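Undergrad: just a sequence and a predicted model for now, questions to come.
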Amino acid sequence: MIKPVRLIFLLATLATMLTSLASEPVNYYNSALNKSDETLMAALCNIIHDHKQVSYSSGLLDAFKKADTDAQGYIIDIYSNVRYSPSDNGSSAKNVGQGYNREHSFPRSWFDGAVAPMNTDVFHIYPTDIAVNSQRGNHPYGVCANGTRLTNGQYVAKGKLGKCTYPGYSGTVFEPDDEYKGDLARTYFYMATCYKNELPSWPGSAQLDYSRNRYKAFSTWTINMLMEWTRLDPVSEKEIKRNDAIYGIQGNRNPFIDHPELAEHIWGNMQGKPWTGTVTPAVITAPEDGSIFEMGYTPVGEMLTMDIELKGEGVTRGMVMSVSETEYFLVSDYMFTASDVNKGTTFTVTFTADDPGTFASQITIGSDEVSTTFTITATAFQRGDVNLDGEVNIGDVNAIISLILEDQFDKKADLNADGEVNIADVNAIIDILLG
């Protein structure tokens, strides 16, 4: 009997990403250690390429029972909220909720049809709602702001079809729901890696661009999107279970489930750096956590600015900035991509106050991966209050004269803003006093 979905699998916590996520055999990936970029990809290909093939009919259906069922034995459908029994497989349907079939998430037409072993590789074939599978067809995965989502009463598709709104492509795409975007990104990384040697001869699609990006296989917009997806939707318990189950069926594994950081070394922010088998913790090198930035002094009502560098290493997630005091302090940017942080970027802090005094704000920049918190201070003073005692008096005249005699500069004493402290500033403060 078909029932609506009542449960979804929770995302794995970030901590699970810091170690090997699934039950991989000891030394399974040893031959890929200390390699980077295409050499790393080739090593992974050699590890996972040869595997046992299953039959298209009974073989895949039996595999679904082991790899794609929940604790109650229902099919986990990534394209709809329907809970199908394994016996609900079919070949045609008019509406959502009328059966499931085999979905080649990496469409067969992209590798020239029913060609072995891709045609029955369980890693990229999912049991999905027939109607939604048909709607997706062989369109690329993408993002569509105003796509069409199929519904049939209580049954609803987990995905929509429409014009791509992701930068770099404007054709028709199928956008899966967020909970499975990471799963499908890691599936695509597997396909490009496992079939690295076959892929150059495939017909391909808008999702692929081997001629331009070579071993990376995907079109540039697809690489950007898939990396976003794998970062935002970490490996889930469902994927771990599926990876282990398919290993028992085919004898190979998906490296990007066992070690999600591998994608960073081939397509992401760790390109050019050897993979050591463990995740190198992301760090923010500037600004240092707990540091204090003193912007200096400015007259009441006048703006003070400071540029601050933001730099990190091994960062894989975008970052957001929060500012505790926004009445006096403003920042030029509140969001930063992982790429910007790893390359190094700057943002500007501006300060303005309508009353004299020293002000401070705590600023935090980070994500659930890494963060830094620092303090920024600035002082606004009444024009002429050189010694900052809260009023303009003879003491300030004496302070300016002392600076002149000692040939020193202090912005607070440069009342005529000519870049030096001189007799003109003495005259200016006397005018204020006589005011």
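TA: Everything's here; your move. Residues are numbered from 1 along each chain as shown.

Undergrad: so, low pLDDT: which residues of this structure?
TA: Applying pLDDT under 70 to the chain flags residues 1-22, 384, 425, 435.

Undergrad: mind jotting down where the helices sit in it?
TA: Using DSSP state H, the helices of the chain run over 37-48, 58-67, 130-136, 181-194, 210-213, 220-232, 237-250, 255-258, 262-266, 338-343, 394-405, 423-434.

Undergrad: just the CA coordinates for the fourth one, please, in PDB.
TA: To tie it back to what came earlier, the one meant is helix 181-194. Below are the C-alpha coordinates for helix 181-194, written out as PDB (Å, rounded to 0.1, in the frame of the first residue of the first chain):
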ATOM      1  CA  LYS A 181      21.000  17.900  -3.700                       C
ATOM      2  CA  GLY A 182      24.200  16.800  -1.900                       C
ATOM      3  CA  ASP A 183      23.400  13.100  -2.600                       C
ATOM      4  CA  LEU A 184      23.100  13.800  -6.300                       C
ATOM      5  CA  ALA A 185      26.200  16.000  -6.400                       C
ATOM      6  CA  ARG A 186      28.200  13.100  -4.900                       C
ATOM      7  CA  THR A 187      26.600  10.700  -7.300                       C
ATOM      8  CA  TYR A 188      27.800  12.900 -10.200                       C
ATOM      9  CA  PHE A 189      31.300  13.100  -8.800                       C
ATOM     10  CA  TYR A 190      31.300   9.300  -8.600                       C
ATOM     11  CA  MET A 191      30.200   9.000 -12.300                       C
ATOM     12  CA  ALA A 192      32.800  11.400 -13.500                       C
ATOM     13  CA  THR A 193      35.500   9.600 -11.500                       C
ATOM     14  CA  CYS A 194      34.500   6.000 -12.000                       C
END
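
Undergrad: so which elements touch it?
TA: Here helix 181-194 touches helix 37-48, helix 220-232, helix 237-250, helix 255-258, helix 262-266, going by 3 or more CB pairs under 8 Å, 6 or more residues apart in numbering; DSSP states H and E. For glycine as for every other residue, the C-beta is placed from the backbone atoms N, C-alpha and C.

Undergrad: so which of the ones you listed is nearest residue 57?
TA: helix 237-250 (14.9 Å; CB to CB).

Undergrad: other SSEs contacting that closest one?
TA: In terms of contacts (3+ CB pairs under 8 Å, 6+ apart), helix 237-250 is packed against helix 58-67, helix 181-194, helix 255-258.

Undergrad: show me what the shortest one is packed up against.
TA: With contacts defined as 3+ CB pairs under 8 Å, 6+ apart, the packing partners of helix 255-258 are helix 37-48, helix 181-194, helix 237-250, helix 262-266.

Undergrad: can you redo those helices as JSON lines with distance to residue 274?
TA: Compiled in JSON lines, the helices and strands packed on helix 255-258 are given as follows (distance: least, CB to CB, whole Å):
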{"stretch": "helix 37-48", "distance to residue 274": "8"}
{"stretch": "helix 181-194", "distance to residue 274": "17"}
{"stretch": "helix 237-250", "distance to residue 274": "24"}
{"stretch": "helix 262-266", "distance to residue 274": "8"}
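
Undergrad: make TSV from these and add distance to residue 92 and mean neighbour count to it.
TA: Compiled in TSV, the helices and strands packed on helix 255-258 are given as follows (distance: least, CB to CB, whole Å; neighbours: other CB atoms under 10 Å):
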stretch	distance to residue 92	mean neighbour count
helix 37-48	34	19
helix 181-194	24	24
helix 237-250	26	20
helix 262-266	36	24
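
Undergrad: circling back to that earlier point, adding distance to residue 422, write the helices and strands packed on helix 181-194 out as CSV.
TA: Output for the helices and strands packed on helix 181-194, formatted as CSV (distance: least, CB to CB, whole Å):
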stretch, distance to residue 422
helix 37-48, 61
helix 220-232, 57
helix 237-250, 72
helix 255-258, 68
helix 262-266, 58
